[in-house]
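Student: sequence unknown, structure follows:
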């Protein structure tokens with residue numbers, strides 16, 4: 001399986017940790033590149049940021065239009081009928097990126113997996129089933145699409161998880177974020193859950209909270 005094309009942002013000093021962040025439907029890895037300086041991480045914490053690009057596929061809810069997507073979505077209803085096979089295949093590709101970081105000298109416990117919207121659904125699947133312990137899982141404005149079918153790996157049963165969501169999100173209603181938190185809690189995970197007065201986006205306060213969370217995990 002080929003490795004996904006990615007945008008890599010290297011720190012000034014040799015990286016000692018990695019954040020892999022998956023974009024949303026119809027977007028690209030470039031969307032979150034501006035977030036790196038906004039996090040204002042200290043120079044003493046050199047983190048490599050990796051922004052993979054999803055393949056372009058037909059998306060049913062958009063009339064079959066071909067666009068970057070981690071998986072197809074067949075219905076626009078609130079609970080979203082998705083192509084789980086494609087989602088799991090995307091999670092496998094993300095695992096290859098984690099494996100590559102380990103090969104590059106970053107221990108698994110220093111790797112954070114993150115995702116926004118559709119990318120967050122893939123991040124849930126990839127992180128919770130990964131065979132080695134990760135540093136953390138960050139899910140933004142997203143939903144736990146495979147919560148009823150996933151078989152988590154015990155290596156990440158204590159994985160730190162931060163879930164962030166906008167209270168005015170019209171695309172992925174905040175209820176879906178709360179549902180994800182409840183499903184995770186039922187599986188035994190400890191979850192930090194934060195909401196913000198925003199729509200389907202990332203705000204300055206959220207970025208600041210993510211920065212503090214990353215520094216706590218990776219300092």
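Tutor: It's in. Note that the structure is predicted; figures quoted are calculated from it, not measured.
Student: wait, residue 10 touches residue 48, no?
Tutor: Yes: counting by CB atoms under 8 Å, residue 48 is a contact partner of residue 10 at 5.7 Å. To be clear about C-beta, it is placed using only N, CA and C from the backbone, and glycine gets the same treatment.
Student: who's more crowded, the two?
Tutor: Set residue 10 next to residue 48 and count neighbours by other CB atoms under 10 Å: residue 48 wins out with 20 against 12.
Student: which ones are touching the more buried one?
Tutor: When contacts are counted by CB atoms under 8 Å, 6 or more residues apart in numbering, residue 48 touches 8, 9, 10, 11, 15, 17, 18, 19, 101, 106.
Student: tell me both backbone torsions, phi and psi, for the first one.
Tutor: Its backbone dihedrals place residue 8 at phi -110, psi 130, with angles given as degrees, to the nearest 10.
Student: show me what it is bridged to.
Tutor: On the basis of DSSP bridges, residue 8 is bridged to residue 50.
Student: is it true that it touches residue 50?
Tutor: Yes: counting by CB under 8 Å, residue 8 sits close enough to residue 50 to count as a contact (5.5 Å).
Student: so for these two, which sits in the more crowded spot?
Tutor: Of the pair residue 8 and residue 50, residue 50 is the one with more neighbours under other CB under 10 Å, namely 24 against 12.
Student: any idea how far the more buried one is from residue 97?
Tutor: For residue 50, the distance to residue 97 equals 6 Å [CB to CB, to the nearest Å].
Student: mutual contacts of these two, please.
Tutor: With CB under 8 Å, 6+ apart, residue 50 and residue 97 have common neighbours 6, 20.
Student: any idea of the mean pLDDT in the lengthiest helix in the chain?
Tutor: If you go by DSSP state H, the chain has its longest helix at helix 84-103. Regarding helix 84-103, the rounded mean pLDDT is 97.
Student: who does that helix touch, helix- and strand-wise?
Tutor: Helix 84-103 makes packing contacts with strand 17-22, strand 47-52, strand 111-116, helix 118-128 when contacts are defined by 3 or more CB pairs under 8 Å, 6 or more residues apart in numbering; DSSP states H and E.
Student: quick one on the thing from earlier: which one among the contacts of residue 48 gets closest to residue 58?
Tutor: Using CB to CB, residue 8 comes nearest to residue 58 of the contacts of residue 48, at 28.7 Å.
Student: where does the closest one land on pLDDT?
Tutor: The model's pLDDT for residue 8 equals 97.
Student: and if you look at residue 79?
Tutor: With respect to pLDDT, residue 79 has a value of 66.
Student: residue contacts, the residue nearest to residue 67 when sequence neighbours are not counted?
Tutor: Among residues not flanking residue 67 along the chain, residue 26 sits closest, at 4.6 Å (CB to CB, 6 or more residues apart in numbering). Contact analysis of residue 26 by CB under 8 Å, 6+ apart lists 59, 62, 67, 68, 69.
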